[in-house]
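K.L.:
quick one: sequence and predicted model below, then my questions.
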Amino acid sequence: MKILIIGAGTVGQALGALITKGLHEVYYHDFHCERWDDKVYDVIHYTVPMKHVVSWAVTLNTFVRDSFQCKYLIIESSIDPNGLSILEDLRSKDKQPNPPITIYSPIRATEAIMPKQLKALKKYWAFLHAPPANEQLPLLNYLHSIYPQGTVRFHDAKALAFGKMLEVVDFGLQIMFAQQVKLACDELGCHFEEAYTEYRKHSAYGADYNKLKKGAPMKWIPRGIFRPDVIKGKCVIQDAQLLNVANLLPSLMDEMIVTNDLFKQHKETTTQ
């Protein structure tokens with residue numbers, strides 16, 4: 001199949017390497033590149049991140065409508081779930097006769113080890129509107145050719161988009177808690193490592209936790225241990241801001257962003 005990846009950054013390049021191994025013909029397009037004469041593709045992957053929901057949807061709709069043609073469109077940006085609704089509204093207003101069959105399928109990998117994770121993780125995806133079964137088959141075969149580890153179909157594209165953002169901001173919330181504990185320990189004059197790290201390390205079954213048999217009843221949940229540092233993952237704060245603008249979990253997102261700024265100031269003050 002002939003594939004175009006719009007967005008040739010870290011995500012696009014890692015994705016392209018994976019698709020090429022599936023013996024497909026891969027091309028790239030980035031916004032600073034000149035447009036090509038070749039405009040027709042079997043599949044377009046759209047990996048451009050969302051910064052503003054409306055402009056993201058307008059740009060995507062314009063690209064697919066005016067610049068390129070494809071049978072299948074795979075949106076892989078991390079997006080506010082409302083972006084899918086706005087995209088559908090734009091298509092309806094344009095009265096596009098044959099818009100591409102579109103799925104949402106977020107990239108589930110961290111930037112530092114993205115190529116390795118893309119090969120290992122199952123691919124989540126959902127149709128915006130499911131086409132007839134005979135039109136689904138080429139797309140499903142394509143996904144299986146580049147994700148031999150398997151795919152998981154969701155029935156609600158909005159739920160999948162929201163779930164992806166929750167997965168990302170959950171790390172930020174865990175780090176936020178560690179940040180606030182560290183600030184409190186500094187205020188109390190007590191050891192953070194003992195109050196947080198050592199205590200949590202032994203609070204879930206202790207040394208016998210790994211000996212549990214599969215299916216055994218769990219009375220304690222193992223607790224993750226996070227370092228109290230400034231949140232470095234750019235997607236975490238970006239997704240928190242998108243959720244905040246969309247008025248989704250606003251109090252939690254506000255708290256994370258404010259705490260991260262306070263911790264950054266505290267760290268700069270204590271290291272001077």
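P.N.:
Great, that's in hand.
K.L.:
which residues of the stretch 1-150 of the chain fall in strands?
P.N.:
For the stretch 1-150 of the chain, strands defined by DSSP state E, counting those that start in this stretch occupy the ranges 2-6, 25-29, 40-46, 69-75, 101-104, 123-127.
K.L.:
Val58 is nearest to which of the ones you listed?
P.N.:
strand 40-46 (13.1 Å; C-beta to C-beta). The way it works is simple: take the backbone N, C-alpha and C, and place the C-beta from them, glycine included.
K.L.:
quick check, central residue of the chain?
P.N.:
The residue lying closest to the centre of the chain (C-alpha atoms, centre = their mean) is Ser78, at 4.2 Å.
K.L.:
low pLDDT regions in the stretch 101-250 of the chain?
P.N.:
The stretch 101-250 of the chain contains residues with pLDDT under 70 at 203-223.
K.L.:
one more pass at 90, please.
P.N.:
Within the stretch 101-250 of the chain, the stretches with pLDDT under 90 are 107-122, 129-135, 146-150, 171, 197-228, 232-235, 238, 245.
K.L.:
confirm Val152 sits in a strand?
P.N.:
Yes: checked against DSSP: H, G, I helix; E, B strand; the rest coil, Val152 lies within a strand.
K.L.:
that one against Lys122, yeah?
P.N.:
Yes: using C-beta atoms under 8 Å, Val152 is in contact with Lys122, at 5.3 Å.
K.L.:
contacting residues for Val48?
P.N.:
6-7, 31, 56, 59-60, 77 (C-beta atoms under 8 Å, 6 or more residues apart in numbering).
K.L.:
repeat that with 6 Å
P.N.:
7, 77 (C-beta atoms under 6 Å, 6 or more residues apart in numbering).
K.L.:
and what of Tyr46?
P.N.:
Tyr46 neighbours (C-beta under 6 Å, 6+ apart): 6, 60, 75.
K.L.:
go with 8 Å
P.N.:
By C-beta under 8 Å, 6+ apart, the contact list for Tyr46 reads 6-7, 60, 63, 73-77.
K.L.:
show me what it is bridged to.
P.N.:
Legend: beta-bridge partners of Tyr46 under DSSP bridges are Ile6, Ile75.
K.L.:
burial check on Gly224, number of neighbours?
P.N.:
Residues contacting Gly224 under the criterion other C-beta atoms under 10 Å number 11.
K.L.:
that one reaches Gln174, doesn't it?
P.N.:
Yes: Gly224 is within contact range of Gln174, at 6.0 Å (criterion: C-beta under 8 Å).
K.L.:
can you name the residues that contact Leu143?
P.N.:
Contacts of Leu143 by C-beta under 8 Å, 6+ apart are 123, 125, 151.
K.L.:
can you give me the helices in the protein?
P.N.:
10-21, 53-62, 82-94, 114-120, 133-146, 157-188, 192, 199-201, 234-245, 250-271 (DSSP state H).
K.L.:
what angle do the third one and helix 157-188 make?
P.N.:
Spelled out, that is helix 82-94. Going by axes from the mean of the first three to the mean of the last three C-alpha atoms, to 10 degrees, helix 82-94 is angled at 150 degrees with respect to helix 157-188.
K.L.:
report the buried residues of helix 82-94.
P.N.:
For helix 82-94, a neighbour-count test (16 or more other C-beta atoms under 10 Å) marks 82-84, 86-88, 90-91 as buried.
K.L.:
quick one: mean pLDDT over it.
P.N.:
Mean pLDDT, computed over helix 82-94, is 91.
K.L.:
what is it packed up against?
P.N.:
If you count contacts as 3 or more C-beta pairs under 8 Å, 6 or more residues apart in numbering; DSSP states H and E, helix 82-94 packs onto helix 53-62, helix 157-188.
K.L.:
arrange these in JSON lines, one row each, with mean neighbour count and distance to Leu139 as further columns.
P.N.:
JSON lines is the format used below for these (neighbours: other C-beta atoms under 10 Å; distance: least, C-beta to C-beta, whole Å):
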{"stretch": "helix 53-62", "mean neighbour count": "17", "distance to Leu139": "18"}
{"stretch": "helix 157-188", "mean neighbour count": "18", "distance to Leu139": "14"}
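K.L.:
to Glu135, which of the ones you listed lies closest?
P.N.:
The nearest among the helices and strands packed on helix 82-94, by C-beta to C-beta, is helix 157-188 at 16.9 Å.
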